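Engineer: Structure here, sequence nowhere to be found:
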């Protein structure tokens, strides 16, 4: 059994951002030497998410608008009594889900034709991390 | 360590559909010979989802109605500038999440009494696939 | 390869509740002897969820309010024709997602500084279970 553990780091210029991290995760899987197994990709922070979908600019803007409708920025969250202002960022993270598993088959990320792995930042302009862990043989 | 990789294929008659795929996944786990491990079940397309819940007709209709309320069909999505008309299908996929892991214990899918695995189609009437991958010993 | 399978049980006093189960999952990982691998934590019921986020009281109340807005309690669900009254509980479970995977690195749950594992109960005052399964080496 082989296991490899790595981290990706981001510091986005904007408060919210959607980054295609498929190339970085692909390189980690290649380095791992795992031919058959599972690749975990998950946020190490509670105001970000990881998801799989199309890399299409319009769709990412639609997703951003929809998440804002479902978990809007507001000064009114109870969480803000702690001094934070990012209540909506936590809720967006939870709705989109902070992690994915991607199968590894014949040494490659086993993604469909249009599937790409994205890091979704909901409280950027600071250093944030994503854990990547590949297990298999 | 044992690993088995298979695919399920669907071509639903309706634009949206919810299919109980527990029997198909059960057979794959039996074929795998894995007694203890994890079973990944995930969409290979970006307009479908996989989830675990009750196989109850009313509930599935409630879920469909709720997803339509949260990510409604609309001609207005930016994604449609590409010529597509399925912006809502992508968003429904993301809200419900495209994948699940089911533990495999004593050679069987380790599901609770009422839990069943479903494929959720949000842009049907075409061939779509689901990856099933079992790893363990 | 090592695999350990355990269950956590809950019977909350309130209809909805959010319980930090990180200490219980930590002990299971320690008992497992797994140094490198993955830890699955997932509901065995269809009216509960498992998620990772901050253990901050105000945030948990914000999350509860938001889930109620997105999947409200209502007598009107079709699911209720079966005699049940918990249609909203199923939908809340599906929106939040019933499971997480947490990497295990150097013998410990590989969580970020603020990440904690929560059990979300949406139909309590009865005995409910969570499956924990650790695989690795």
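Structural biologist: Happy to help now that I have it. The shown structure was predicted, so the numbers you read here are calculated from the model rather than taken from an experiment.
Engineer: how close does residue A:124 get to chain C?
Structural biologist: Shown here: residue A:124 relative to chain C, a distance of 16 Å by C-beta to the nearest C-beta, to the nearest Å. (Glycine included, C-beta is placed from N, CA and C.)
Engineer: Quickly find the element holding the residue most central in space within chain A.
Structural biologist: Ranked by distance to the mean C-alpha position of chain A (C-alpha atoms, centre = their mean), the top residue is residue A:50 at 2.1 Å. Using DSSP states H and E, residue A:50 falls within strand A:48-53.
Engineer: Quick one: distance of that strand to the chain centre.
Structural biologist: 4 Å (C-alpha atoms, centre = their mean, to the nearest Å).
Engineer: was I right about the residue nearest to the centre of chain A contacting residue A:120?
Structural biologist: Yes. Here residue A:50 lies in contact with residue A:120, judged by C-beta atoms under 8 Å, at a distance of 7.0 Å.
Engineer: who does the residue nearest to the centre of chain A bridge with?
Structural biologist: Listed by DSSP bridges, the beta-bridge partners for residue A:50 are residue A:119.
Engineer: quick one: it from residue B:70, how far?
Structural biologist: 20 Å (C-beta to C-beta, to the nearest Å).
Engineer: which residues does residue A:39 contact?
Structural biologist: Residues in contact with residue A:39 (C-beta atoms under 8 Å, 6 or more residues apart in numbering or on different chains) are A:25, A:28, A:29, A:101, A:102, A:103, A:104, A:109, A:132, A:133, A:134.
Engineer: now for the strand holding residue A:50, which elements pack on it?
Structural biologist: strand A:37-43, helix A:87-96, strand A:99-105, strand A:116-121, strand A:128-136, helix B:87-96 (3 or more C-beta pairs under 8 Å, 6 or more residues apart in numbering or on different chains; DSSP states H and E).
Engineer: Mean pLDDT for those - can I get that in JSON lines?
Structural biologist: Listed next are the helices and strands packed on strand A:48-53 as JSON lines, based on pLDDT from 0 to 100:
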{"stretch": "strand A:37-43", "mean pLDDT": "98"}
{"stretch": "helix A:87-96", "mean pLDDT": "98"}
{"stretch": "strand A:99-105", "mean pLDDT": "98"}
{"stretch": "strand A:116-121", "mean pLDDT": "98"}
{"stretch": "strand A:128-136", "mean pLDDT": "98"}
{"stretch": "helix B:87-96", "mean pLDDT": "98"}
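Engineer: which one of these lies closest to residue A:6?
Structural biologist: Across those, residue A:6 has its closest neighbour in strand A:128-136 (4.9 Å, C-beta to C-beta).
Engineer: Could you pull out the buried residues of that closest one?
Structural biologist: A:128, A:130, A:131, A:132, A:133, A:134, A:135, A:136 (16 or more other C-beta atoms under 10 Å in any protein chain shown).
Engineer: ok, and of the residues you listed, which contact chain C?
Structural biologist: Contacts with chain C are made by A:131, A:133, A:135 out of those, judged by C-beta under 8 Å from any C-beta of the partner chain.
Engineer: right, and out of those, which lies closest to chain C?
Structural biologist: residue A:133 (4.3 Å; C-beta to the nearest C-beta).
Engineer: Is it correct that that closest one is in contact with residue C:102?
Structural biologist: No. With contact defined as C-beta under 8 Å, residue A:133 does not count as touching residue C:102 (9.9 Å).
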